[in-house]
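In: coords please:
(one chain, ligands or ions: 1)
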Amino acid sequence: MSEKDTVLAAKYSCADCARHCCHSESREHLPANCPMKNQEIHQNTIDEYCSPAYHDFYFTSMQVEKEGYYHWPRLRETVEFAKHMGYHKLGLAFCIGLSAEAKVCADYLRSKGFIVSSVICKSSGIDKQQLGLTLQQTVKESGFEGICDPIGQARLLAEDNTEFNIVLGLCVGHDSLFFQHSQAPVTVLAAKDKILCHNPIAALSPAAARYLKNRL
Ligand code: SF4
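Out: Numbering: from 1, shown residues only. The predicted model follows:
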């Protein structure tokens with residue numbers, strides 16, 4: 001499939017649009033596949049934001065966005081959001097590779113008055129070979145190697161009745177399972193990227209793309 005065909009195969013392609021009429025009052029010259037044309041979805045979505053299930057959560061996120069825009073780092077934004085929502089107990093689901101950062105994060109959150117329940121990715125203590133992986137399929141290729149257990153992390157935090165869960169550096173796919181199984185709403189403090197110091201968006205800059213050309 002050519003690159004043009006792959007663009008045409010998708011119903012929407014905002015990433016290829018430079019008009020951004022959606023960010024102004026202008027409704028002239030909408031691209032042919034502009035999502036704004038799908039009014040049925042948008043009307044239903046407005047109703048959802050205004051429903052009792054989502055009203056406070058959504059409007060609080062807009063309030064924090066307004067207060068901290070270009071002012072607070074994401075960690076502070078997370079704290080302010082949790083405070084505005086009246087949460088007392090936060091969950092911290094973290095990767096063993098970010099244990100030092102998890103300790104600093106838990107201390108910081110506690111200093112802001114929260115109870116913090118933290119669960120590491122290896123919390124099950126289960127060997128990868130128990131799930132049927134051969135040694136060659138493990139990262140170390142020798143001896144015990146614990147699985148990452150995002151479903152377990154989500155269940156442990158649910159058992160401890162956390163009200164809002166923070167993800168710190170879970171791997172791609174593990175994070176998806178955590179999102180699916182978390183009982184409490186989830187926010188991401190950091191996305192894991194061992195090559196780019198947990199700043200995956202750096203790979204999108206032209207300079208990094210040149211540097212990483214054999215890895216992208
Ligand atoms: S919503 Fe429409 S105007 Fe906005 S970026 Fe997408 S295609 Fe462009």
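In: Distance check, the spatially most central residue of the chain against residue 93.
Out: Nearest residue to the geometric centre of the chain (C-alpha atoms, centre = their mean): residue 188, 3.9 Å. Distance, residue 188 to residue 93, using C-beta to C-beta, to the nearest Å: 10 Å. Using the backbone N, CA and C atoms, a C-beta is placed for each residue, glycine as well.
In: Quickly list what's touching both of these two.
Out: 166-167 (C-beta atoms under 8 Å, 6 or more residues apart in numbering).
In: Tell me which residues touch the residue sitting furthest away from the middle of the chain, please.
Out: Distance from the C-alpha centroid of the chain, by C-alpha atoms, centre = their mean, peaks at residue 28 (34.2 Å). Listed by C-beta under 8 Å, 6+ apart, the contact set of residue 28 reads residue 21.
In: Just the element for it, please.
Out: Using DSSP states H and E, residue 28 sits in no helix or strand.
In: in which helix or strand would I find residue 71?
Out: Residue-wise, residue 71 maps onto no helix or strand under DSSP H and E.
In: any idea how far the ligand is from it?
Out: From residue 71 across to the ligand, the span is 26 Å (C-beta to the nearest ligand atom, to the nearest Å).
In: And that residue, what's its pLDDT?
Out: According to the prediction, residue 71 has pLDDT 96.
In: same check, this time on residue 84
Out: For residue 84, pLDDT reads 98.
In: quick one: the closest residue in space to it that isn't next to it in sequence and residue 149, what's the gap?
Out: Excluding its sequence neighbours, the residue lying closest to residue 84 (C-beta to C-beta, 6 or more residues apart in numbering) is residue 60, at 4.8 Å. Per C-beta to C-beta, residue 60 is found 31 Å from residue 149.
In: More neighbours: which of these two?
Out: Between residue 60 and residue 149, residue 149 has the larger neighbour count (other C-beta atoms under 10 Å), namely 21 against 17.
In: ok, that one to residue 169 distance?
Out: Residue 149 is 15 Å from residue 169, by C-beta to C-beta.
In: same deal with residue 196?
Out: 12 Å.
In: the more surrounded of those two?
Out: Per other C-beta under 10 Å, whichever of residue 196 and residue 169 has more neighbours is residue 169, with 24 against 14.
In: For the more buried one, give me the pLDDT.
Out: The model's pLDDT for residue 169 equals 97.
In: Hmm, residue 191 and it touching each other?
Out: Yes. Residue 169 lies in contact with residue 191 (C-beta atoms under 8 Å); the separation is 7.2 Å.
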